[in-house]
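Chemist: below: sequence and its predicted model.
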Amino acid sequence: MDSRLTRIEALIPTLATREDLARLETRMETTIHREISTLTWRLLIFLVTFLPGVFAGVFYVARNVH
């Protein structure tokens, strides 16, 4: 029984507090919003640059390949 109590007492200082969790939540929200914004812009740039090329290729094939 004493060994279990000793292990638990050694573990207690490593546990997160409510303040630790609140700080982590704030950092996670900031990071998630930044990453979503970055990915949105990447997708938009990809669509604006790639799709016109695809449409031009399809148009060329439809008009000039017999």
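Modeler: Noted; the coordinates are in hand. Numbering: from 1, shown residues only.

Chemist: can you map out the helices along the chain?
Modeler: With DSSP state H as the criterion, the chain has helices at 2-11, 18-64.

Chemist: mind putting the ones you listed into a markdown table with mean pLDDT and mean neighbour count?
Modeler: (Glycine included, C-beta is placed from N, CA and C.) Shown next, in a markdown table, are the helices of the chain (pLDDT from 0 to 100; neighbours: other C-beta atoms under 10 Å):
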| stretch | mean pLDDT | mean neighbour count |
| --- | --- | --- |
| helix 2-11 | 86 | 8 |
| helix 18-64 | 94 | 10 |
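
Chemist: distance of the residue nearest to the spatial centre of the chain relative to residue 47?
Modeler: In the chain, the residue lying closest to the centroid (C-alpha atoms, centre = their mean) is residue 35, at 5.2 Å. To residue 47, residue 35 is 19 Å away according to C-beta to C-beta, to the nearest Å.

Chemist: try residue 27
Modeler: With C-beta to C-beta as the criterion, residue 27 and residue 47 are 31 Å apart.

Chemist: please report phi then psi for residue 17.
Modeler: Torsion angles at residue 17 (phi, psi; degrees, to the nearest 10) stand at phi -100, psi 170.
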